[in-house]
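In: Sequence first, then the predicted structure:
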Amino acid sequence: MRLPAAGFDHSLSMARQYSILLAEDDEIVTGILREFLGARGFTVTAVTTGEQCFAALDAAMPDLLMLDMHLPDMNG
């Protein structure tokens, strides 16, 4: 049995440009997420370390933080 796909109204996300901070050290995962989210109108800033993540948060507060729980210099 197939469940119907959840509908997402992309016009809602386009009313305002939302920003996402992506803290991910895997280049492939970062590329996939940047492409997927960027195509849906989100601005994605990617960092690869915990230190870079904190610096990016100090510079500008994103609407969403996507955090890899096992970065090279920090985890948890």
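Out: The structure has been received and is ready for your questions.
In: what sits against the nearest residue to residue 46 once chain neighbours are set aside?
Out: Leaving aside its chain neighbours, residue 46 sits nearest to residue 22 (4.5 Å; criterion: Cβ to Cβ, 6 or more residues apart in numbering). To be clear about C-beta, it is placed using only N, CA and C from the backbone, and glycine gets the same treatment. Residues near residue 22 by Cβ atoms under 8 Å, 6 or more residues apart in numbering: 30, 33-34, 44-47, 66.
In: Tell me where the longest helix sits in the chain.
Out: Criterion DSSP state H: the longest helix present in the chain is helix 27-38.
In: Show residues contacting that helix.
Out: Counting by Cβ under 8 Å, 6+ apart, residues outside helix 27-38 touching it are 20, 22, 24, 44, 46, 48, 66, 68.
In: quick check, the fourth one in a strand?
Out: Think residue 44. Yes - with DSSP: H, G, I helix; E, B strand; the rest coil as the criterion, residue 44 is located in a strand.
In: which secondary structure elements does the helix or strand hosting residue 51 contact?
Out: Assigned by DSSP states H and E, residue 51 falls within helix 50-59. Judged by 3 or more Cβ pairs under 8 Å, 6 or more residues apart in numbering; DSSP states H and E, helix 50-59 is in contact with strand 19-23, strand 43-47, strand 64-67.
In: tell me the average confidence for the last one?
Out: Which is strand 64-67. Averaged across strand 64-67, pLDDT comes to 96.
In: neighbouring strands for it, and are they parallel or not?
Out: strand 19-23 (parallel) (DSSP bridges).
In: May I see the buried residues of the strand it pairs with?
Out: Buried residues in strand 19-23, defined by neighbour count with 16 or more other Cβ atoms under 10 Å: 20-23.
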